[in-house]
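**Student:** sequence first, predicted coordinates after that:
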Amino acid sequence: MGSKYPPSVRGCLSLWILTLEVPLILLFFFFTKYESSSKTQRELMGTYGVFQDVTVMAALGLGFLNSSLWKHGWSSVAFNLFMLALGVQWAVLLDGFLNESFSGTVVINLPSIQQATMSAMSVLISVGAILGKTNLGQLVLMTLMEVTAFVVMRMVSKQMLSTEDHTSMMHIHVFAAYFGLTVAWCLSRPLHKGAKTKDQMATSPSLFAMLGTLFLWMFWPSFNSALLSSLKKKKLAVFNTYYALAVSAVTAISVSALAHPQGKINMAHIHNAVLAGGVAVSAPCYQIHTPFVAMVLGLIAGLISIGGAKCLPVCLNRVLEIHDSCGVHYTFGLPGLLGGITNIVLMTHHTNWTKHPINGYQLLLNSGALSFSIAMGLASGLLTGLLLKLKIWKALHDQAFWEVPHLAVGF
Amino acid sequence: MGSKYPPSVRGCLSLWILTLEVPLILLFFFFTKYESSSKTQRELMGTYGVFQDVTVMAALGLGFLNSSLWKHGWSSVAFNLFMLALGVQWAVLLDGFLNESFSGTVVINLPSIQQATMSAMSVLISVGAILGKTNLGQLVLMTLMEVTAFVVMRMVSKQMLSTEDHTSMMHIHVFAAYFGLTVAWCLSRPLHKGAKTKDQMATSPSLFAMLGTLFLWMFWPSFNSALLSSLKKKKLAVFNTYYALAVSAVTAISVSALAHPQGKINMAHIHNAVLAGGVAVSAPCYQIHTPFVAMVLGLIAGLISIGGAKCLPVCLNRVLEIHDSCGVHYTFGLPGLLGGITNIVLMTHHTNWTKHPINGYQLLLNSGALSFSIAMGLASGLLTGLLLKLKIWKALHDQAFWEVPHLAVGF
Amino acid sequence: MGSKYPPSVRGCLSLWILTLEVPLILLFFFFTKYESSSKTQRELMGTYGVFQDVTVMAALGLGFLNSSLWKHGWSSVAFNLFMLALGVQWAVLLDGFLNESFSGTVVINLPSIQQATMSAMSVLISVGAILGKTNLGQLVLMTLMEVTAFVVMRMVSKQMLSTEDHTSMMHIHVFAAYFGLTVAWCLSRPLHKGAKTKDQMATSPSLFAMLGTLFLWMFWPSFNSALLSSLKKKKLAVFNTYYALAVSAVTAISVSALAHPQGKINMAHIHNAVLAGGVAVSAPCYQIHTPFVAMVLGLIAGLISIGGAKCLPVCLNRVLEIHDSCGVHYTFGLPGLLGGITNIVLMTHHTNWTKHPINGYQLLLNSGALSFSIAMGLASGLLTGLLLKLKIWKALHDQAFWEVPHLAVGF
C-alpha cells in the first residue's frame, strides 16, 4: 500500500521539515539573546550537572526505552533524537513568549534550556504509544502540537490555578500518557490487526531497552529535583525518588513472576514497572519527610504498573481499540495519576501542622490542576490525532524509512 | 527436571520476595529519618556527582559486565538491578544498626546511601561466579547474607583492628571474590558438566559486556576516592586509579595476544583484565605519591589477571571443581589481594619518613584486617552456599525465568 | 595470506607492545610528579566533572561511533580503549617536555590529564578512516606518531603563530581527519576490492553506533568549553554548541531522506551528520553571541556533512582511491574546516567593536594556524602511512586478532 508515489511525497516531506528549520532560526534571530548576567562558576557547574542528567534521560533513556520492539529499534532511537532537538528549540521560544514578563526578547540561559528539554520530554513519552504507526512528517506535527499544548497547559495552570512550577511540570507524565493514548486511539483502528502480530515479535533486543531503563532509573532523582528551588526540598526529592525507585524495582521483578501462571518474568514488564516508583513520587517528592512513605508509594506504583500491564492491554485493545505499543499507560499514566493524587492528599494533610494553611479552595485548585492536565492531554491529543489521520499523510510503515544495507542480518 | 511443580513453587517464591519488602518498609518506618541538617548547595552537588558515579558503576557497569554469557544476558542485567535495589535498602539499615553511635534512629543522608550502594556492590561482584546456577529466591537470600556479612566484617575490622573506613571498604574485592567462589564451589558440583558446555556458547553479545567494562573503567576513580576525607588524598586516589587503569588496559590487550598460541586476543580476558589496575590500586591509592608506582601496580595487575584467566580455570575446574562463570577470581580476587598486600607494604614503608610512626603492632593489625576479610568471605560464603544447596530451592535453570516472546530470534 | 608465520610474528608483536610500556613507566619515574598545590574542593569537583565528560566521549563515544561496521565492532571498541590508554600516557609526557616552562619535571594535575585525553582523541578520530586495514602493532605506531605530531603542531602554533589554547585544540578535527585520510590513502590501494564488499555488510549493529553518537552529542558542550578560561566564554561555548547540535540533528535526519531517491533515511549518515554541528561550532563557539549564528552554522554543517556523505565516497574512491571506512572526512574534516573559517571571519569581524584590535597581521596568523594544522596532518599522515606500509607489518585482517568462541552466532 502507498507504494505509488512515495518518492515524491517523501521528498516533499523532507523538504518541508527542512524549511521548518528556517523560520525557527529566524524566530531565534529576532526574539532571543543569551543571558549576560555573571553567575559564579559554582552555580553554573551545579546547574550544568543536572542539565546534563536531564539531557541524558531524554536523549538516551527515553530513546532506548522503546527500542525493544524489534522492527522499530532504529526509528525509536533516531526519531527520538530528532523530536528532542526540534522540541527543545520550539519549547524555549514558547516558554519565553508565553511568560508573563515577556517584553520582546527571550533570554536564554541554562535553566531555560533545561526546562525546554523537560517540556520536550512530553513528546518522547507520548510517542511510545504510537511507535510504528507514524512517519517522520507526522512526528514533526505531533512534536509542535504537543509541546505547544504542554507549555500552554503549564502557563494556564500557573497563572489561573497558581500551581507551582515543579508540580505543573510533574503533571507531564499524565499529560503525555493521555495525549499519546488519544493519538493512538485515532490512529490505531485501521492498523489493528497488523499491530497485534507486530507486538509478538517484540522484546528481542531487550538489552538495549534495559540500557534505556537503567539510565532513566539512575538519573531520575535529578529529574524530580530539577525545578525545586530550596536546597532542602531538592534533597528530599533526591532521597524519596531514590527509595521509591529501589522499592519499585524489587516489586516489579518479583510481581512480574507472580502475575504469570508459570512464574515467569516478562522483560517488557520490567522495562516499564521498574520506573513506576519514580513517576509516582515525582509530584509529591518534596513533601515526603520519611523514607517509608516513598517506599510505600514505590510498592503501590510497582503493583499498579504490573497489574496494568497484565489487564489493561486486553481491555484497551478490545473495548477502546487502542493499541499502546510500549505500555505508556501503565508506565507513566497510572503511576502519574497515583502521584498526582498523593500530592493533593499530602498538601491537604500538611495543613494541620504547617504554618501555611491550605483551605478547601486550595485543595480545589490542586485537584483542578491535575484534572486540567489530563483534560488538556485528552483534548490536544484528540486534535492532533485527527490531524494526523488526514489523508495528506501517507501512513507508511516507518521501517520503510530506513535504507537497509543489503547483507544486514539481525538488526 | 523440576518441571513437576514449578508453577506453585515459583508463585510462592515471588510472593515470598514481595512479602520481604513489607518488613523492610516497616523497619524503615520505625527506625529511620532523613537528615535535616543544612549543608550548602556546593557540598550537596559535590557529593551528588560521586554518588551518581557509584550508582552508574553498580547498576550499569557491573550489570553489563557479565552480560557476555549468551544465555544469561537478561538475567545478568535485570537480576543485578534487583539485587542492587534490595541490597541498598538492607545495607542502609544494617550500617545504621551496627554503628556504635546508634541510638534508636538511623539518619539517612547522601553519604550513607552511597556507602550502602558500595556495600551492595559486594553481592554484584560475587554473583559473577554463580551466574546461571541460581534462581531469584536464592539470589535474595544471598543478597541478605552477603550484605550482612560484609557490613559486619567492616564494623569488626573498624572497631577491633582500627582499620580506616576507606581501607575496609576496599577489601570488598577480595571479600566478594572469595565469597562468590565458595558459593560457586558449593553449588557447582552437580551442574559441572552442563556448565562446561554453557561456557563455550559465551561471548556473543560481547559489546554489551564491553559497555559495562567501559563504564567501570571510566568511573573507577570516583569509586576509589569516594570514602577518602581529605582533598589531597582524594586527588591522589583519582590520579593513581587513572594511571593504573590506563596501564592495565594497555597490558591486558597486548598480553592477551601474547598468551594465545596464535597471538589472538580473547575478548573475555579484556573485559576483566582491563579493570585489574583499578582493583589493585584501590586500597593503597591514597598513599602513592608518584604516578610510576601506580603504573607498575597496573602492569602487574594486568599480568596477574591475564595469567590467572589462562591458568586458573583449569586448576579450579579440575582440582577444586569450582566453575567461576565470569572470572571473578582473576578480575577481583587476585588483583584485590595484590592491592591489599601493597597497602600493607606501603604503610610500613611510610613509617620511616612520616610523622605518624607505624610499629609492628600496626603492621599486624593491617595484615589482620586483610586476612579477616578473606576469612569472613570464605566462612560466610560457605554458610550461604550450604543454605543455597538446600532442597527447598529448586535449582532451576535461570533462563526458564523469562517469558520469551514466540518469534524472538537471538539478540 | 600471511598464514605462514603469524604465531611467531604476533607473539613478537605483543611482546614488543608490552616492552613499550616499560620505558613509558621509566619516563614517568624520572620526569613526573603529582601536583601538590592545594586547590579548594569546589575547583576540583568542577574540573572533575568536565574531565569525566571528556573521558566518556573518548572511551565510549568515539569507541562505539565506529562499531556499526559489522566485522569490526570488537576491534573498534577494544582497540579504541587501547589507543586512548596509550595515547594519554604519551601525550602527558610530550605536553610537559615541549612546554616552554619545562625544567626537568612534568607536573601532573587534572587539567593536564584532561588535555592529554583531548590530544589522544586525535588518534581515535583518525582511526575511523582506516578501520579494518591495520593490526594492533600498526595502531601502536600510529598512536605514537599522531599524538607526537599533534602536540608538536599545537606547540608550534602557540609559540610561532600565538594561537590560543582553545583554538589550536579545536583544530583537532581537521588535523585528525586529514591525517586519517592520508594514512588511508597509503594503505587502501592493495585492499581496495575487499574493502568495497566489506562496506556493504555494514550497519548491522547500528544501535551501538547510535549509542556512541548519542554520548558524543550529549557531552559535546563539555568538550568545546573545556579549555576556555573565562566563565563567560565557557557559557557561550556551552550554549552555542547545544544549539548547533540541535539544529544539525534535525537537519541531518531530514536531509538524509531528501538525498535518497526514494526518501529513505540512511542510518550511517545520521551517526555522522548529527555531530557535524558540534564540530563546526567548536573553534568559534566562544565568539558567537546569539543563538541564531550557532543555529545557522549547525544547519550548514548538517547540509555539508550529508552532501559529503553522498558525493565524496564516490569521488574519493574513484579519483584518489581513498577508502574512508567510517566517513571521517565528512564527519570531522569538512565541518571542522567550516568551523575554522568561521572562526577567522568572526575574529576579523569583531575587530570593529571590541577593544582588542585585530589587524591584517592577526588575520594572517589565524589563517596560518588553520592551514598549518591541515598541512601538518597531511605531512605526518603521509609519513605514518608510509611507515605502516613497510613489509615488517603483516597487514593481517584485524578480525583474525580475536579468539572467537565456537558457537557464537553474529552478535
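**Tutor:** Structure received.
**Student:** pretty sure A:N80 is touching A:L62, no?
**Tutor:** Yes - between A:N80 and A:L62 there is a contact under C-beta atoms under 8 Å: 6.1 Å. (Each C-beta comes from the backbone N, C-alpha and C, glycine too.)
**Student:** which parts of the stretch 51-200 of chain A are helices?
**Tutor:** Counting by DSSP state H, counting those that start in this stretch, one finds helices in the stretch 51-200 of chain A at the ranges A:62-65, A:73-98, A:110-126, A:136-160, A:165-170, A:172-200.
**Student:** what's the closest of the ones you listed to A:K232?
**Tutor:** Set against A:K232 and scored by C-beta to C-beta, the helices of the stretch 51-200 of chain A come closest in helix A:165-170, at 13.4 Å.
**Student:** on that earlier part again, out of the helices of the stretch 51-200 of chain A, deepest packed?
**Tutor:** The highest average neighbour count among those, using mean count of other C-beta atoms under 10 Å in any protein chain shown, belongs to helix A:62-65 at a mean of 27.
**Student:** now that one: mean pLDDT?
**Tutor:** Averaging pLDDT along helix A:62-65 gives 88.
**Student:** right, is that helix up against chain B?
**Tutor:** No - on the criterion C-beta under 8 Å from any C-beta of the partner chain, helix A:62-65 is out of touch with chain B, staying 11.8 Å away.
**Student:** for chain C, what's its nearest residue on the stretch 51-200 of chain A.
**Tutor:** Nearest residue of the stretch 51-200 of chain A to chain C (C-beta to the nearest C-beta) works out as A:A85 at 3.9 Å.
**Student:** tell me the SS of the closest residue in space to A:Y330 that isn't next to it in sequence?
**Tutor:** Distances taken as C-beta to C-beta, 6 or more residues apart in numbering or on different chains put A:G308 closest to A:Y330, at 3.1 Å, once the chain neighbours are dropped. The three-state assignment at A:G308 reads helix, by DSSP: H, G, I helix; E, B strand; the rest coil.
**Student:** tell me the spacing between A:G308 and chain B.
**Tutor:** When distance is defined by C-beta to the nearest C-beta, to the nearest Å, A:G308 is 17 Å away from chain B.
**Student:** just to revisit the earlier point, overlap in contacts, A:N80 and A:L62.
**Tutor:** A:L124 (C-beta atoms under 8 Å, 6 or more residues apart in numbering or on different chains).
**Student:** give me the low-pLDDT residue ranges for chain A?
**Tutor:** Chain A contains residues with pLDDT under 70 at A:1-14, A:38-46, A:69-72, A:189-205, A:261-263, A:316-318, A:350-359, A:392-411.
**Student:** what ranges do the helices span in the stretch 301-411 of chain A?
**Tutor:** Secondary structure of the stretch 301-411 of chain A (DSSP H, counting those that start in this stretch): helices at A:328, A:334-350, A:360-388.
**Student:** neighbours around A:S229, how many?
**Tutor:** Counted by other C-beta atoms under 10 Å in any protein chain shown, the residues lying close to A:S229 total 11.
**Student:** secondary structure element holding it?
**Tutor:** In this assignment (DSSP states H and E), A:S229 forms part of neither any helix nor any strand.
**Student:** what's the helix or strand for A:Q287?
**Tutor:** Counting by DSSP H and E, A:Q287 is found in no helix or strand.
**Student:** these two touch, right, it and A:N343?
**Tutor:** Yes - using C-beta under 8 Å, A:Q287 makes contact with A:N343 at a distance of 7.1 Å.
**Student:** now render the helices of the stretch 51-200 of chain A as TSV, adding distance to A:L387.
**Tutor:** TSV is the format used below for these (distance: least, C-beta to C-beta, whole Å):
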stretch	distance to A:L387
helix A:62-65	23
helix A:73-98	16
helix A:110-126	14
helix A:136-160	6
helix A:165-170	25
helix A:172-200	9
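**Student:** out of the ones you listed, which is closest to C:A237?
**Tutor:** Closest among the helices of the stretch 51-200 of chain A, using C-beta to C-beta: helix A:110-126, at 12.3 Å.
**Student:** hey, what's the residue lying closest to A:F239 once chain neighbours are set aside bridged with?
**Tutor:** Nearest residue to A:F239, sequence neighbours excluded (C-beta to C-beta, 6+ apart): B:Y34, at 5.7 Å. Using DSSP bridges, the beta-bridge partners of B:Y34 come out as B:I108.
**Student:** my guess is B:Y34 contacts A:A237, does it?
**Tutor:** No - B:Y34 lies out of contact with A:A237 (C-beta under 8 Å); the separation is 11.2 Å.
**Student:** the more surrounded of these two?
**Tutor:** Remark: of B:Y34 and A:A237, A:A237 carries more neighbours, 26 against 18, as counted by other C-beta under 10 Å.
**Student:** ok so that one is a helix residue?
**Tutor:** Yes - counting by three-state DSSP, A:A237 falls inside a helix.
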